[in-house]
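Student: this one's structure only:
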């Protein structure tokens, strides 16, 4: 049964004009946020982190691949995940490859981090058909130093995390089964973007954002928000090779 309001073209135009005002405010707020984000101080990275990659061990500076900016997404794929990365993070990863050529031509190298060992990341990358560099932070303190993961001791100090693990909603129980890990292990990984710049031979940390800030796969954050019907409340993220249909 049709439950949405039905109107005339004139009524639609009047409502659309009001919405345009709100969209303009939203756009202006986004511009101001971007400006403030770029005014954050740059913090020198003095630790000589070394990462495992498909091309062998690399330093943070080497991950820039000759460009001056490095943007990385931290995919939730911890050492305890037996069945693969977080499906939601995987959805986002599916959309990164197409943007790399444009990012590269704007002096930005785009990569992904995860804490699982490199052999597991390489196998998962092959399964998903990804081409972006997928870097393991397994053997470094990097994810803990930059808030991309929690140690068991740190996790124990977060009451809200303990509460959701003890009494998880159904969708979170399903998520735990999808990744093949206990929630107390799976939720120690933090999905998020982290940015660095390289200037005058030094690397600086410039920005980090982690959940629950509102970033998800672009199809979800941009395309689905422009469709007539909202997503069902019970909608869940699926890896592209695991949709039931």
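Tutor: Perfect, I can see it now. Here the structure is a predicted model, which means the values were calculated and not measured. Numbering: from 1, shown residues only.

Student: Could you list the buried residues of stretch 131-151?
Tutor: By neighbour count with 16 or more other CB atoms under 10 Å, stretch 131-151 contains the buried residues 132-138, 140, 142-143, 146, 148-150. For every residue, glycine as well, the C-beta is placed using N, CA and C.

Student: Please parse this protein into its domains.
Tutor: 8-38, 40-226 (automatic domain parsing).

Student: Report the helix or strand with the lowest average pLDDT across this protein.
Tutor: Every helix and strand of the chain was ranked by mean pLDDT, DSSP states H and E. The lowest is helix 218, at a mean of 69.

Student: about what we covered before: what's the closest of the domains of the chain to residue 239?
Tutor: For residue 239, the closest of the domains of the chain is domain 40-226, at 5.1 Å, according to CB to CB.

Student: My guess is residue 54 contacts residue 111. True?
Tutor: No - using CB atoms under 8 Å as the test, residue 54 is too far from residue 111 to be in contact (11.2 Å).

Student: More neighbours: these two, which one.
Tutor: Neighbours per residue, other CB atoms under 10 Å: of residue 54 and residue 111, the larger number sits with residue 111, 19 against 12.

Student: How about that one: what's its closest non-neighbour residue?
Tutor: residue 133 (4.3 Å; CB to CB, 6 or more residues apart in numbering).

Student: From residue 101, how far out is the spatially most central residue of the chain?
Tutor: Nearest to the mean C-alpha position of the chain, counting by CA atoms, centre = their mean, stands residue 192 at 4.3 Å. Using CB to CB, to the nearest Å, residue 192 is found at 24 Å from residue 101.

Student: thinking again about what came up before, go through the domains of the chain and pick out the most buried.
Tutor: domain 40-226 (a mean of 16; mean count of other CB atoms under 10 Å).

Student: what's the offset of stretch 119-128 from the middle of its chain?
Tutor: Remark: stretch 119-128 is offset 17 Å from the chain centroid, using CA atoms, centre = their mean, to the nearest Å.
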